[in-house]
Every structure is written in C-alpha cells, then in structure tokens.
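Asks: sequence? don't have it. structure:
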C-alpha cells in the first residue's frame, strides 16, 4: 500500500514468531535477532533507500485488534501515522475486524502505545481513515542549536509517537517549495545531528521512546489562518517521507497548541512534497508527564486524517549463494 506516496509494505507471511511479553520487547528481539530480514525487505534489490514496511506481531494488549512493528532503512520506529492510516483500511478489507458502516474502529498496538484508527465504510467499501494519537507534547521550545554549515538555528522538539526537531526551512537557507529535495535532506540531516548533540530527550513512559527520530522542515506557517502548511520529514538514516507524516503532524500540532498558535478543536491541513494532505486537530488536552521534567497540562491527543491506497502484492525469496541479494543500499 501507499499513503500519500509513502510506501507501506505489509508482511503477510514468512517471518518467524517474534517472542516478547510487550510490543517493545518484541521490537528489541527483532532488532537483535531478525535484522537480516529487515534488510532483506527494505534494501535493494527488493526495496530502496526510502522503503518502509510493517511487520504484524502477536498483540500483547487485550484490546488490540492487531499489533505491528515498523521497519525502515535504519531500524525500527516507534510510531508511523501514514502506516496506521493504511493499516486501518487493511484491517477492514482483510477481515481482521468486523466491518461496520459508516465507521469501523481498529485498535492498533504500536511500539509507542495503543492507537485507534477509524475507517469510513460506505456500501461495503473502505475509504478515508483517521486515527487518534498517543499523548503528544512539546518537550523543548525555541532551542538554539549550532548546525555545522548552517549556523545558529532555532528549533522546537516535540513528540507525536516519536520525537522530531521542528524548524522553518528558511532558517537553514532552503525553501520547501523551490529547493531541490537533496538540499532539503542535507539541511534536515544536519539539523537532526545537531539536536541529538544538544538536547536531552525524555519520555514519561519508557526510555526506549526517548530518541530523536528525525527533523521536519516547514514553510513557517504555524497558524491555521495562514492556510495549508507544507513540510518535509527526513527521518531514520536520511529517509524522506513522501506523506506529510502522521506522527510528524501530531508533533507539530502538539507544539502549536503548547505555543498558543492553534486552539483545541481547531483543524489544520499539512501538505507533503508529493502534494498529499493530512488534516490534524488536537481533540483533548490533559495532564501528562508529572515529575518527568516534561511538565503537566501540555499533552494533547491529536486526530490525524488521510487516505491510503493499494499498490500491489509481491513474493520475495533468496537463492542459495546470493550474497548481494541479502540486501544493499545505493544512493
């Protein structure tokens, strides 16, 4: 499948069982024992530098309809909104949940926690999907970091299922609308490295979630009245998200609410480099993170909506003696 052009390669069979009494334990097991299969599926000759995948695993939460690990060019992410949107349709269409019109709920256990997706169903056909995020928050506002080659840059660091550095692209001398993608990727990658060195991350629930996933460069539009905001998300090992990034617009919305740039229940739209759009709104605010240094009253639950589409189905195998076929990357 794809969501806004961003790949969602869902594994249907072939993986061995993944043990673990929690989703994070399963994620660690896959990292330590099955990473050759991630490379097999994500890397060339079956994938490419920017491939993305979903690995269904046995749920550990009783209320979950399915549980998943997310895989990409560097490893295993903790949340993926574009994949959740696709998984909602997939669960309805493949009979993993009972189809209910006009809206079917799908509970998806992700490494960041339980995420509920809602799939619009009309005349038996699935369509648009939205999901309600895990608690999202602004960790650090208006932090100045020194970015080699770019100078002093002001960033926000926010969490939307994964941590992102958020910055106006123009502050790095690049333009979301006109700069070559290569220049945007280089700027975002440099920013990620600088923020990793300068900002200590913390998450109130689990240390496994406290890492910077990537950077989101924006067009500087942070108020809904400014219109649709364009952004590009560069995550993992300089991987480019073709979609607006579900966890990314969640983080952006949390930052906007915390900074008074948008009100609770106010909807905004975000557009990616492919022209795909997600809408997002903070639907609930609550105390979260007391005693962790994050502060209280700043967390929100964000509702993100988008569309996913089917792209094809494939079977992959590895012949004996095919060393190159185990996976490689060129860029």
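Replies: Arrived safely. All of these numbers come straight from a predicted model, not from anything done at the bench.
Asks: Just the helices from the stretch 201-331 of the chain, written as ranges.
Replies: Under the criterion DSSP state H, counting those that start in this stretch, helices of the stretch 201-331 of the chain are mapped to 246-258.
Asks: which residues of it score low on pLDDT?
Replies: 289-297 (pLDDT under 70).
Asks: One more pass at 90, please.
Replies: 202-208, 223-226, 286-298, 331 (pLDDT under 90).
Asks: Look through the protein and tell me its longest helix.
Replies: Criterion DSSP state H: the longest helix present in the chain is helix 181-198.
Asks: what helices or strands is that helix leaning on?
Replies: strand 137-147, strand 151-159, strand 163-168, strand 212-218, strand 229-235 (3 or more Cβ pairs under 8 Å, 6 or more residues apart in numbering; DSSP states H and E). Placement of C-beta: from N, CA and C, glycine included.
Asks: Not counting that helix itself, show me its contacts.
Replies: Residues outside helix 181-198 that contact it (Cβ atoms under 8 Å, 6 or more residues apart in numbering) are 143, 145-150, 153, 155, 157, 165, 167, 169, 172-174, 176, 212, 214-217, 232-234, 238, 240, 273.
Asks: quick check: angle from that helix to strand 229-235?
Replies: 70 degrees (axes from the mean of the first three to the mean of the last three Cα atoms, to 10 degrees).
Asks: Let me see the contact set for the residue nearest the centre of the chain.
Replies: Nearest to the mean C-alpha position of the chain, by Cα atoms, centre = their mean, lies residue 80 at 3.1 Å. Shown in contact with residue 80 (Cβ under 8 Å, 6+ apart): 52, 54, 70, 110, 161, 246, 247.
Asks: What are the neighbouring residues in contact with the first one?
Replies: I take that to be residue 52. So, once contact is read as Cβ under 8 Å, 6+ apart, residue 52 ends up touching 6, 7, 8, 9, 42, 70, 71, 72, 80, 82, 83, 239.
Asks: could you redo the last one with a cut-off of 7 Å?
Replies: 6, 7, 8, 9, 72, 83 (Cβ atoms under 7 Å, 6 or more residues apart in numbering).
Asks: In strands, which of these fall?
Replies: 6, 7, 9 (DSSP state E).
Asks: how far away is the second one from residue 223?
Replies: From residue 7 over to residue 223 the distance is 32 Å, taken as Cβ to Cβ, to the nearest Å.
Asks: which one of those two has more residues nearby?
Replies: residue 7 (22 against 13; other Cβ atoms under 10 Å).
Asks: For the more buried one, list each beta-bridge partner.
Replies: Per DSSP bridges, the residues bridged to residue 7 are residue 2.
Asks: Look up how far residue 277 lies from it.
Replies: Relative to residue 277, and taking Cβ to Cβ, residue 7 is found at 18 Å.
Asks: Next: residue 69.
Replies: Distance from residue 69 to residue 277, by Cβ to Cβ: 27 Å.
Asks: repeat for residue 227
Replies: Per Cβ to Cβ, residue 227 is found 12 Å from residue 277.
Asks: Looking at the two, which one has more neighbours?
Replies: Legend: neighbour count by other Cβ under 10 Å for residue 227 and residue 277, higher for residue 277 (18 against 12).
Asks: neighbours of residue 206, just the number please.
Replies: Neighbour tally, residue 206, other Cβ under 10 Å: 13.
Asks: who's in contact with it?
Replies: So residue 206 contacts residue 24 (Cβ under 7 Å, 6+ apart).
Asks: mind running it again at 10 Å?
Replies: When contacts are counted by Cβ atoms under 10 Å, 6 or more residues apart in numbering, residue 206 touches 22, 24, 78, 111, 112, 113.
Asks: Among these, name the buried ones.
Replies: Neighbour-count burial (16 or more other Cβ atoms under 10 Å) is assigned, among the contacts of residue 206, to 24, 78, 111, 112, 113.
Asks: Quick check: the gap between the spatially closest residue to the last one that is not a sequence neighbour and residue 286.
Replies: Just to be clear, that refers to residue 113. Spatial nearest neighbour of residue 113, excluding adjacent residues (Cβ to Cβ, 6 or more residues apart in numbering): residue 134 at 4.3 Å. Counting by Cβ to Cβ, the separation of residue 134 from residue 286 is 12 Å.
Asks: Same drill for those two, tell me which one is more crowded.
Replies: residue 134 (23 against 11).
Asks: which parts of stretch 218-231 are buried?
Replies: Going by 16+ other Cβ under 10 Å, stretch 218-231 has these buried residues: 218, 219, 221, 222, 224, 229, 230, 231.
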